[in-house]
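Asks: Structure here, sequence nowhere to be found:
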Ligand SMILES: Nc1ncnc2c1ncn2[C@@H]1O[C@H](COP(=O)(O)OP(=O)(O)OP(=O)(O)O)[C@@H](O)[C@H]1O
């Protein structure tokens, strides 16, 4: 017998981001109750969203909404890959990289409208040493910043800026050998980022041309960032101009082996974990169904949003 109403689980991470989520239940109540059964669930600990999403898949729900940032989205979405369960995102984190890349509004009411519209797109996901990511995974400076951020009690831009400064002061570049069917690299580097999405979050575009539906990742290798180049590099990141950085090497490919000097930290969607010396990364084409705005095309660079980004950062 077919179910009449569609079932939605909304998983709320109460500690993500810096904004209150107290309006989320009322806003979700505006979803048509004749068509949808919406169940609200609040996470109580790290990894809880994954447990709830696993239950959702077992119960054959139609859609799981992640209310949080990239960490929460990752915990939910990694369970939904290669299933028919659709991911919805209500961005409520700090960086919100995946939501931004999909043009999902950060405004709560507008994000709920996207859920109601029900437009489904299929996006790629990445696998790095068996761990799933959707935005970026990487080693080097960005991984160390993610590790530093893990131990901070606060969230938000200021915490990330402070973590970056702390990591930069003691940073020592490592040597990476990167082997792919589409090009190789072997040298010391500041960071190596495998980008499925174009940005880390906070509109920091490490791979502005990355496309989440092409079955490929853009491996952005930043060989060095000298102190005098920090302002320029930061501007290039927020203005989608990192391609103009003379220290950037980019390889576009569907799989790669990254060999480094020793095992250590790697980040997945901004979440740091420890992993082996060698990291095998691949992209699986369009394995996740996600609710998106009608127009998924990214807006062209415009001066106003560029200035807004800089002002926000400052
Ligand atoms: N009740 C809870 N108590 C403590 N941590 C939790 C709880 N629920 C979820 N978490 C953890 O909170 C972490 C941060 O969540 P999330 O990444 O969504 O927010 P954020 O870091 O503010 O945003 P972004 O990743 O977009 O920068 C996740 O690693 C998640 O496992």
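Replies: Right, received. Where do you want to start? These figures come from a predicted structure and were not determined experimentally.

Asks: Residue 136 contacts residue 198, doesn't it?
Replies: No. Counting by C-beta atoms under 8 Å, residue 136 sits too far from residue 198 to count as a contact (9.1 Å). Bear in mind the C-beta positions are built from the backbone N, C-alpha and C, glycine included.

Asks: Neighbour count for those two, which is higher?
Replies: Ranked by neighbour count (other C-beta atoms under 10 Å), residue 136 and residue 198 place residue 136 first, with 31 against 25.

Asks: Longest strand in this structure, please.
Replies: Determined from DSSP state E, the single longest strand within the chain is strand 278-291.

Asks: Report all helices and strands that that strand contacts.
Replies: helix 70-80, strand 86-91, helix 108-117, strand 120-128, strand 255-260 (3 or more C-beta pairs under 8 Å, 6 or more residues apart in numbering; DSSP states H and E).

Asks: Could you point out which of these sits nearest the ligand?
Replies: Closest to the ligand of those, according to C-beta to the nearest ligand atom: helix 70-80, at 2.3 Å.

Asks: Report the rounded mean pLDDT for that closest one.
Replies: For helix 70-80, mean pLDDT rounds to 97.

Asks: If you count neighbours, what's buried in it?
Replies: The neighbour-count check on helix 70-80 (16 or more other C-beta atoms under 10 Å) flags 70-80 as buried.

Asks: again with stretch 95-107
Replies: Neighbour counts over stretch 95-107 (16+ other C-beta under 10 Å) mark 95-102, 104-105 as buried.

Asks: Can that stretch be said to contact the ligand?
Replies: Yes. Residues of stretch 95-107 contacting the ligand under C-beta under 6 Å from any ligand atom: 95-96.

Asks: what's that stretch in contact with?
Replies: Stretch 95-107 is contacted from outside by 17, 69-70, 73, 89, 91, 111, 113-114, 121, 123, 134-136, 160, 197-204, 212, 269-270, 290, 292-293, 295-296, 298-299, using C-beta atoms under 8 Å, 6 or more residues apart in numbering.

Asks: Tell me, how many residues neighbour residue 90?
Replies: A total of 28 residues lie near residue 90 under the criterion other C-beta under 10 Å.

Asks: can you check residue 33 too?
Replies: Neighbour count of residue 33, defined by other C-beta under 10 Å: 10.

Asks: go on, residue 218?
Replies: 22.

Asks: same thing with residue 250?
Replies: For residue 250, the count of nearby residues is 19 (other C-beta under 10 Å).

Asks: thinking it is in contact with residue 222, fair?
Replies: No. Taking contacts as C-beta under 8 Å, residue 250 lies outside contact range of residue 222: 9.9 Å.

Asks: that's a strand at residue 26, yeah?
Replies: No. Checked against DSSP: H, G, I helix; E, B strand; the rest coil, residue 26 lies outside a strand; its state is helix.

Asks: And the pLDDT at the most centrally placed residue in the chain?
Replies: Relative to the mean C-alpha position of the chain, the nearest C-alpha, by C-alpha atoms, centre = their mean, is the one of residue 135, at 3.5 Å. Residue 135 carries a pLDDT value of 97.

Asks: Now it, what are its backbone angles?
Replies: When read as degrees, to the nearest 10, the backbone of residue 135 gives phi -90, psi -80.

Asks: Show the contacting residues for it.
Replies: 70, 97-98, 101, 195-197, 199-201, 269-270.
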